[in-house]
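> Dropping the sequence and predicted coords here.
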Amino acid sequence: MNRLVASALIFCSVLIVTEARAEEDKPLLAISVTADFGADRGQSFGSLFEARDATGRVVAGAGFADVYNTRFRSDRQTVQFFVRPAGDPAKMTVERLPHPDLDSGVYLLDIDQTLFAWSSVRGNSLRRWDAAAKRWLDQPPEGVTRLRSGDGVMRIGRGRLAFANNSVTFDGQTILSPPQRGDFYNFYYAAGRLFFYHTDRDAAAGFTRILACPWTPESREAIDLENATVQSAKYVGETPFAWGQLDGRVLTVSNNGGAYLFDPAESAWRVLREADRSVSYQVYSMMHFHDRLLLAQYPAGEVFEFNGRELKRREGWPPRLPGVSGTSREAQTLGVFGGDLLVGVWPWAELWRYDRDATRWHSLGRAFTHPELTDSRTHPYEAESAKLGLVVNHWGQRVT
């Protein structure tokens with residue numbers, strides 16, 4: 001069973017069979033889990049179980065990943081089961097898929113266990129991955145024509161919540177209409193509230209506000225902005241690349257480094273870090289991992305963590321490939337595979353895996369083979385970008 005019902009009740013079972021007993025078809029161990037998460041309010045469901053061997057190494061498990069990689073949130077209702085094979089833990093095969101199109105800046109999202117690739121050009125195009133045919137199709141998700149950065153589609157219970165073009169619908173019914181002035185953008189649903197940014201640049205006194213609006217799918221009513229809890233951003237035009245949550249509290253970090261935390265128990269915002277345009281500080285991905293919320297940051301190119309009280313930098317998470325510059329690095333992507341943490345790093349498209357049991361990082365190499373690594377410049381193709389009058393990092397390479 002891999003789809004949650006409205007009450008968020010699931011049942012799963014796993015049979016572990018050793019190779020020696022396979023012929024008898026009798027399990028060595030049977031595990032059954034029933035989890036009732038209560039009403040679906042956009043929460044991170046987390047792990048269901050882990051199985052460890054006699055040495056304490058995790059060998060199997062199941063749970064729900066909830067990651068917001070740059071621009072889009074993952075499908076948090078998909079149950080992931082894994083078994084970790086014995087042998088060299090550093091080995092992993094990475095397969096390159098066909099390119100969705102000829103655009104640079106392609107980002108991935110998944111909806112109802114289907115993978116989509118998004119690009120900002122040609123009207124914010126979406127392409128669906130056909131796993132059987134191994135090709136990309138020009139086919140957006142059901143009920144959605146185009147998505148802007150920060151828009152999306154997600155399941156709440158059995159319903160479908162869609163954010164697009166300044167408005168929000170639930171099962172096709174509009175619950176938030178476009179504003180009379182400015183833009184609504186970068187939506188997120190958690191803690192029984194719809195979160196989004198509202199900016200008006202054209203007003204005599206422009207503003208950017210972050211709103212937390214109470215709403216539940218049972219209400220079937222439009223959102224009343226009068227009930228919103230509002231946090232004013234320091235700068236007009238602040239925008240996030242990712243959202244996250246820990247223990248019911250919701251965190252957003254703007255492109256100017258403003259870290260804003262919403263506590264539903266107090267129905268109040270708190271500023272964890274003051275925005276500062278004079279210093280680069282951006283977060284491009286957030287993911288709930290064990291008892292921490294991980295944040296992928298630029299320009300350190302490392303993972304930060306939120307422990308419920310403060311933001312803390314994890315130096316050396318991940319390391320850096322030998323032969324590349326140590327400046328202007330961007331931890332771009334977070335993920336979980338086989339119980340291990342994956343991190344993708346720009347501008348050299350590095351991919352790293354963290355074995356939590358061994359407390360070791362393993363390099364999975366680069367996603368590109370050209371150009372050759374060098375620390376004589378910060379980004380790939382700087383000379384070529386300069387010749388074309390582009391921004392110097394325009395052709396930086398990312399894993400998404």
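That came through fine. Numbering: from 1, shown residues only.

> For the strand or helix carrying Glu330, which strands pair with it and how are they oriented?
Secondary structure from DSSP states H and E places Glu330 in strand 330-337. Within its sheet, strand 330-337 is paired with strand 340-346 (antiparallel), according to DSSP bridges.

> which outside residues touch the partner strand?
Under the contact criterion C-beta atoms under 8 Å, 6 or more residues apart in numbering, strand 340-346 has outside partners 289, 294, 296, 298, 301, 303, 317-318, 320, 329-336, 350-356, 367, 396-400. C-beta here means a position set from N, CA and C on the backbone, and glycine is covered the same way.

> Out of those, which end up buried?
Buried by 16 or more other C-beta atoms under 10 Å: 289, 294, 296, 298, 301, 303, 317-318, 320, 329-336, 350-355, 367, 396-400, out of the contacts of strand 340-346.

> Take those and keep only those in strands.
Applying DSSP state E to the buried ones among the contacts of strand 340-346, the entries found in strands are 289, 294, 296, 298, 303, 330-336, 350-355.

> send the alpha carbons of stretch 268-283 over as PDB?
Extracted in PDB, the C-alpha atoms of stretch 268-283 (Å, rounded to 0.1, in the frame of the first residue of the first chain):
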ATOM      1  CA  ALA A 268       3.600  33.300  15.600                       C
ATOM      2  CA  TRP A 269       6.700  33.900  13.400                       C
ATOM      3  CA  ARG A 270      10.300  34.200  14.800                       C
ATOM      4  CA  VAL A 271      13.300  35.500  12.900                       C
ATOM      5  CA  LEU A 272      16.200  33.000  13.300                       C
ATOM      6  CA  ARG A 273      18.500  34.900  11.000                       C
ATOM      7  CA  GLU A 274      18.200  38.500   9.900                       C
ATOM      8  CA  ALA A 275      18.300  39.100   6.100                       C
ATOM      9  CA  ASP A 276      21.400  40.800   4.900                       C
ATOM     10  CA  ARG A 277      21.900  41.800   1.200                       C
ATOM     11  CA  SER A 278      25.600  42.500   1.800                       C
ATOM     12  CA  VAL A 279      26.400  38.800   2.500                       C
ATOM     13  CA  SER A 280      25.500  35.800   0.300                       C
ATOM     14  CA  TYR A 281      23.400  33.200   2.200                       C
ATOM     15  CA  GLN A 282      20.900  31.100   0.300                       C
ATOM     16  CA  VAL A 283      19.300  27.700   1.100                       C
END
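
> who touches it?
So stretch 268-283 is contacted by 210, 212, 229-231, 233-235, 238, 240-242, 251, 253-263, 295-299, 304, 306, 310-311, 330 (C-beta under 8 Å, 6+ apart).

> any idea which residue sits dead centre in this protein?
In the chain, the C-alpha nearest the mean C-alpha coordinate belongs to Tyr68, at 1.7 Å (C-alpha atoms, centre = their mean).

> And that one, what's its pLDDT?
pLDDT for Tyr68: 96.
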